[in-house]
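Asks: What shape does this take:
(chains A and B)
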Amino acid sequence: EDQVTQSPEALRLQEGESSSLNCSYTVSGLRGLFWYRQDPGKGPEFLFTLYSAGEEKEKERLKATLTKKESFLHITAPKPEDSATYLCAVQISGNTPLVFGKGTRLSVIA
Amino acid sequence: KAGVTQTPRYLIKTRGQQVTLSCSPISGHRSVSWYQQTPGQGLQFLFEYFSETQRNKGNFPGRFSGRQFSNSRSEMNVSTLELGDSALYLCASSLQGLEQYFGPGTRLTVT
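Replies: Residues are numbered from 1 along each chain as shown, chains lettered A, B, ... in the order given. Sure, this is the predicted structure:
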């Protein structure tokens, strides 16, 4: 069964303290891996798409990387406004639905 | 470009009632997917419509149904509501089913 596991479940950082979130997947063929940010009571906001191992994408303080079995979302010098739940999703080949992980709840304390 | 819109934003229903939720995708997007989000289960896929045809279906009972209109707008219906149907229902649109853009969701509370 295709699975997506995110770790840690929750992460508390001091402002400026860099860290990484992990998304590991067991799928039989990856078409794309997606990162989303979700604020409480709102819909997920699209961040990145990664298609192949070795690929990297950056946006402000966030950088996403992809290997054959996992993806990392690196957060450099986070600010309190980066506090949110970060979701990872994968799509296998074809027009199959996204499979989401349970998310990592990030809290950045000033 | 306007984003995905969902109506209503909040809904309170009683067990046994039915409910219809609406989603308007980003202009030009032909794929609409629906998800149920709960604290315990996370985001669970309900179904996807593409050009008015259901292309994928998740593992939900037949009480959950949907449709898509020729203008790509979509509705989902839940009949005979149960307490466990209380959740945030999210709609997402995409051009071809890859990068999905989510709406704000409809918060459904069943009492």
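Asks: Show me what from chain B comes close to chain A.
Replies: Applying CB under 8 Å from any CB of the partner chain, one finds that chain B approaches chain A through B:4, B:33, B:35, B:42-43, B:45, B:48, B:50, B:55-56, B:58, B:88, B:90, B:92, B:96-105, B:107. All C-beta spots, glycine's among them, are computed from the backbone N, C-alpha and C.
Asks: what helix or strand does A:E58 sit in?
Replies: strand A:56-59 (DSSP states H and E).
Asks: pLDDT of that strand, averaged?
Replies: Taken as a whole, strand A:56-59 carries a mean pLDDT of 96.
Asks: try stretch B:76-89
Replies: For stretch B:76-89, mean pLDDT is 97.
Asks: Please flag which of the residues of chain B next to chain A sit within strands.
Replies: B:33, B:35, B:42-43, B:45, B:48, B:50, B:55-56, B:88, B:90, B:92, B:101-102, B:107 (DSSP state E).
Asks: Pull out the buried members of the residues you listed.
Replies: Taking 16 or more other CB atoms under 10 Å in any protein chain shown as the criterion, what is buried in those is B:33, B:35, B:42-43, B:45, B:48, B:50, B:55-56, B:88, B:90, B:92, B:101-102, B:107.
Asks: quick one: which of those is nearest A:G101?
Replies: The shortest distance between A:G101 and any of these, using CB to CB, involves B:G42 and amounts to 7.3 Å.
Asks: I'd assumed A:T5 was in contact with A:Y25.
Replies: Yes: using CB atoms under 8 Å, A:Y25 makes contact with A:T5 at a distance of 7.5 Å.
Asks: can you list the residues of chain A near chain B?
Replies: So chain A meets chain B at A:31-32, A:34, A:36, A:41-46, A:49, A:87, A:89, A:91, A:95-103 (CB under 8 Å from any CB).
Asks: Buried only: go through the residues you listed for me.
Replies: Here, 16+ other CB under 10 Å leaves A:31-32, A:34, A:36, A:43-44, A:46, A:49, A:87, A:89, A:91, A:96-103 buried among the residues of chain A next to chain B.
Asks: low-scoring pLDDT stretches of chain B, where are they?
Replies: For chain B, the stretches with pLDDT under 70 are B:1, B:97.
Asks: and the residue of it nearest chain A?
Replies: Of all residues in chain B, B:F102 sits closest to chain A, at 3.6 Å by CB to the nearest CB.
Asks: Might you report the residue contacts of A:C23?
Replies: By CB atoms under 8 Å, 6 or more residues apart in numbering or on different chains, the residues touching A:C23 are A:V4, A:T5, A:Q6, A:L33, A:W35, A:E70, A:S71, A:F72, A:L73, A:C88, A:G101.
Asks: Same check on B:Y89?
Replies: With CB under 8 Å, 6+ apart, B:Y89 has these contacts: B:Q6, B:L21, B:W34, B:Y35, B:Q36, B:Q37, B:M76, B:G105, B:T106, B:L108.
Asks: Of these, which is the most crowded?
Replies: With neighbours defined as other CB atoms under 10 Å in any protein chain shown, the most crowded of the contacts of B:Y89 is B:Y35; it has 26 neighbours.
Asks: Quick check: that one touching B:G42?
Replies: No: counting by CB under 8 Å, B:Y35 stays clear of B:G42, with 9.3 Å between them.
Asks: Quick check: neighbours shared by these two?
Replies: In contact with both B:Y35 and B:G42: A:F100, using CB under 8 Å, 6+ apart.
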